[in-house]
Structure formats: C-alpha cells, structure tokens
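Chemist: Starting from these lines, generate the structure:
(chains A, B, C and D)
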Protein chains: 2
Amino acid sequence: MMWLAGKSMTARRDTRTEVLDLAEKLFHERGYRGFSYADIAGPLGVKPAAIHYHFPGKEELGIALIERLRDRLKNALAHFASHQTPWPKQLESLFDYYRHHASENCAVCAVGISAIEVEGIPHAMQIQVRLLIKEMLNAMVQILARGRDAGDFHFEGRAEERATLLLAALGGALQLQRLTGMSQLETVIAELQHGLLVADR
Amino acid sequence: MMWLAGKSMTARRDTRTEVLDLAEKLFHERGYRGFSYADIAGPLGVKPAAIHYHFPGKEELGIALIERLRDRLKNALAHFASHQTPWPKQLESLFDYYRHHASENCAVCAVGISAIEVEGIPHAMQIQVRLLIKEMLNAMVQILARGRDAGDFHFEGRAEERATLLLAALGGALQLQRLTGMSQLETVIAELQHGLLVADR
DNA sequence: GAATTATTTTACTTGCAAGTAAGTAATTTA
DNA sequence: TAAATTACTTACTTGCAAGTAAAATAATTC
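Modeler: Prediction:
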C-alpha cells in the first residue's frame, strides 16, 4: 500500500472528493495558478460553477488540498509509530513517496511548487504550506536521528542538517527529472542512501 | 565580481535591456506566469505596449531571458578556462551563484521555476530551458571530474551522479529557504562541500 | 531641415479565469 | 406531502493579461 500517495480506496462517488483529487493532481502537474475551475469541471462532467458550491473560492480549494496532504503525512507517521516500522523502512517509504510523484505524470512535490508560487498564492494557503514543510522536515529529522541512534544509519553532523539535504535533494531531483526526462531521482536516492548507510567513520 | 549574476555595469539606458533585467528578476521571483507586461512597464515608466515593440510576444521575452542565462554560463566557463581557475574556486563560484539567488528577494533558480511551469511555458522556451539545465549539469560534471583528477575533490562513484546530487540539492535548498526563511542553502552547501572535501575513502 | 527610422503611446480587441445570483431538479426531513 | 436542503446549471459580471493597429513623438541621417 502506497504511503502518502493519496486516493482513498473507498469509491465514494463524492464530487467534493473528486474535485479535490483532480485539483491535487493538477496542482502537482502545473502549480496553483496552472489550473482553472474549468480544468476540473470538464473531466468531472460538471460545470465550473459547481466547484464553487463545494469550495467558495479557489483559496479554500487550495487550503483543503494542502490540509489533506498534511493529514496524509500525519496518518503515515501515526501508522509508522503504531506499527513500530523500522527506520530504514520509513526512509524507504519516503523515497517511495517521491517515486510516486515521479511516476505520475512526472509531478513535482508541493514544496517545490509552493516555493515558486509563494508570492502568488493566498496567504492562508502559504501558512498551510509552511506547516506542511515544517512537518516533513520534522519527520525526516526524527527518522534520521532515531535511525542513527538505533544503529541503522551512519552519518556525521546534526540530523537537522542531513534532513535538510535530503528534502532539498529529493525535491530538486524531481524537478531535474521532469525537465530532462532522465532518472535523476533514482540517482539522487542512491547517492543519499549511500551517504547514510556507508559510514564515513 | 559576481559570477553568473547578471546586470552589466555599463549603464546603457537601453529599454530592451531594462525590460529583460526586470523580466528576469520577476521570473526568478514569481515564475513565467507570475508577471505581466504591466508589471514590467510600470516600474520602467513606460506603457505595456512598449514592451511589444522590443519583444513581439511574451514567448520571445521568455526565450531571450533564458538565452541570456545560458550566455552568462558560457561566458563564465570561458573565463574559468582562460584563467585556469582552480576547480574548488569554480565550485565556490557556483555556490555563490545560488547564494546570490537567495539574497535577491529569496529568488529560486530558473531550473526549479521551469520544472514547475514546464507544461505552461511556450515550447521554444522549454527547449532553451532544457539546454540550460544540460549545460549546467555538464559544467558541474566537468568541475567535479577534473577536480577529482587534480586531487581537489574526493568522492566515490561517477561525477555525473554527484553533479546531479549537487544541482538537485542546491535548487531544492533555495526553495526550502524561500518557504521557511531559514538558511537551508548554507546548510546544504556545507553538507555538499563536506562530502566532496572529506574523502570517505 | 526634410525625410527616414526608432521608439512609444492611445485606444482598442480578444480571451480566459474567478466569482455571483437566480433558478431547477432531486432528495431528505418533518 | 409540503417544506427544506442538497447539488447542481444557466447566465451573467468583473477584471486582468496578451496582443494589435494606428497615431504621435523623438532621434538620426542625408
């Protein structure tokens, strides 16, 4: 089962959810300003104004979208905690999350998109995005720090700094990959993994 | 003197150049779709239609913008070659390039922006962006490979892969930094530098 | 200094995205 | 079963960004 990948399995035929699903996909593919209500309404077989019924404005749609991403992260972390998932496995799940992005129309992650558009998105959405990124960073720091304590990872310096490197490199790799069509994500994952598993003493 | 940083020192009072300068700044701050002709015309004290005289369409403006970035990279590399700049110094210049982006309104680099907007920018501009990124990657590979041969850098694996990691991490760090307001770029630079200077045998 | 060329403005058109208001059909609830 | 609620549609308005054509102004050249 895919980690933070989205799409609940219960086919609820719920327009609101379908709007959110499509908006999320388009957001990852084109950014917040890159899709319109018509882009969502069309494929769903409804009129653009129908979107306004579920989300009064695009801002609400954007916020709901990021909140759902945050929810998924929270749930995934709760799942890891309750199942005592080994740290390397948690890290691998994180890599899989980026792989999933890469496979779906070569999407890039929300952090990258939001960084580009940050001046152009509604303020309340900016706040959500900053929370998301903070939570992702925290999660990564935890995995690395605890994993090192457990003897699973080996690296020098503070976990915060290594976590920053990981998040930056993974996000950047998705973007390189989208532009070049090459498999930079796997390259970067391999480099990062090597840096964590092979101790440099 | 700043490496690929832009802005010629000769104050030529040339509208075309000023348009290009402002467009580049806005592009780095908000992306291609994030600025309009009015955003450029206003500060320049000119009407939007004047831009069309110099650049018939936004597409031409976008292409000229990326071509100029490519030119600067080419010139910088030529300068390094003719001055036999040491490889660590070249790498440092590259870091400075990203630092410059970070300092100027927390801009992000063209690669990141283009990756997000790639579906929404004109095709001819996509081609330019792909050339730019290819040239940056090539440059990075050369610096790392030659620098390792010269004994300046120490790392395992292929230079191509390490170069990919560097470009991905630097671009990603700029984006993290813009969103969090923290100094992720320096963190990532330090991590990357450590990985190149301290051999892991 | 007249003619030419370069640059810019004025005054449009087109198109699209967001949002609104009123209305309708189907479903639920009292 | 009448009233209310849900989930829409139709038909608009507003605003902005891009682009165009023609006229006006400034700079050059002959």
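
Chemist: all contacts plus neighbour counts: C-alpha atoms, from now on.
Modeler: OK.

Chemist: After the helix or strand bottoming out on mean pLDDT in chain A, which helix or strand is next?
Modeler: For chain A, using mean pLDDT, DSSP states H and E, the weakest element among its helices and strands is helix A:110-117, scoring a mean of 87. Next along the chain after helix A:110-117, taking DSSP states H and E as the criterion, comes helix A:123-149.

Chemist: and that following helix with DNA strand C, contact?
Modeler: No. Taking CA under 7 Å from any atom of the strand as the criterion, helix A:123-149 and DNA strand C are apart, separated by no less than 12.6 Å.

Chemist: Flag every buried residue along that helix.
Modeler: Of the residues in helix A:123-149, those buried by neighbour count under the rule 16 or more other CA atoms under 10 Å in any protein chain shown are A:125-126, A:128-133, A:136-148.

Chemist: other SSEs contacting the least confident helix or strand of chain A?
Modeler: helix A:15-30, helix A:123-149, helix A:159-180, helix B:15-30, helix B:110-117, helix B:159-180 (3 or more CA pairs under 8 Å, 6 or more residues apart in numbering or on different chains; DSSP states H and E).

Chemist: Lowest average pLDDT across those?
Modeler: Ranked on mean pLDDT, the bottom entry among these is helix B:110-117, at a mean of 87.

Chemist: what does that helix contact?
Modeler: Where contact means CA atoms under 8 Å, 6 or more residues apart in numbering or on different chains, the residues beyond helix B:110-117 that reach it are A:29-31, A:34, A:108, A:112-113, A:116, A:172, A:175-176, A:178-179, B:27-28, B:31-32, B:121, B:126, B:129, B:133, B:171-172.

Chemist: I'd like the helices and strands packed on helix A:110-117 laid out as CSV, including distance to DNA strand D.
Modeler: Output for the helices and strands packed on helix A:110-117, formatted as CSV (distance: least, CA to the nearest atom of the strand, whole Å):
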stretch, distance to DNA strand D
helix A:15-30, 5
helix A:123-149, 17
helix A:159-180, 22
helix B:15-30, 11
helix B:110-117, 13
helix B:159-180, 23
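
Chemist: Throw those into a markdown table and include distance to A:L197, thanks.
Modeler: Conversion of the helices and strands packed on helix A:110-117 to a markdown table gives the following (distance: least, CA to CA, whole Å):
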| stretch | distance to A:L197 |
| --- | --- |
| helix A:15-30 | 31 |
| helix A:123-149 | 10 |
| helix A:159-180 | 13 |
| helix B:15-30 | 36 |
| helix B:110-117 | 29 |
| helix B:159-180 | 17 |
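
Chemist: For the closest residue to A:L61 other than its chain neighbours, grab phi and psi.
Modeler: Closest residue to A:L61 apart from its sequence neighbours, by CA to CA, 6 or more residues apart in numbering or on different chains: A:F55 at 5.6 Å. Dihedral angles of A:F55 (phi, psi; degrees, to the nearest 10) stand at phi -130, psi 110.

Chemist: Tell me, how many residues neighbour A:F55?
Modeler: Per other CA atoms under 10 Å in any protein chain shown, the neighbour tally for A:F55 reads 18.

Chemist: so what pLDDT did A:A102 get?
Modeler: 90.

Chemist: So is the strand or helix carrying it next to chain B?
Modeler: Secondary structure assignment for A:A102, by DSSP H and E: helix A:87-103. No. Contact between helix A:87-103 and chain B is absent, the nearest approach being 12.2 Å (criterion: CA under 8 Å from any CA of the partner chain).

Chemist: Stretch A:141-159 too?
Modeler: No. Stretch A:141-159 stays clear of chain B (CA under 8 Å from any CA), getting no nearer than 8.9 Å.

Chemist: how long is that stretch end to end?
Modeler: Distance between the boundary residues of stretch A:141-159 (CA to CA, to the nearest Å) amounts to 5 Å.

Chemist: what do you get for stretch A:100-119?
Modeler: Between the opening and closing residues of stretch A:100-119 there is a gap of 27 Å (CA to CA).

Chemist: Wondering if it reaches DNA strand C at all.
Modeler: No. Stretch A:100-119 is not in contact with DNA strand C by CA under 7 Å from any atom of the strand; minimum separation 13.5 Å.

Chemist: any idea which residue sits dead centre in chain A?
Modeler: Averaging the C-alpha coordinates of chain A gives a centre point, and the residue nearest to it by CA atoms, centre = their mean is A:C109 (5.0 Å).

Chemist: and that one, what does it touch?
Modeler: A:C109 sits in contact with A:H28, A:Y98, A:H101, A:G171, A:L174, where contact means CA under 8 Å, 6+ apart.

Chemist: Mark which of the residues you listed are buried, thanks.
Modeler: Taking 16+ other CA under 10 Å as the criterion, what is buried in the contacts of A:C109 is A:H28, A:Y98, A:H101, A:G171, A:L174.

Chemist: Return the member of those nearest to chain B.
Modeler: Comparing the buried ones among the contacts of A:C109 against chain B with CA to the nearest CA places A:G171 closest, at 5.6 Å.
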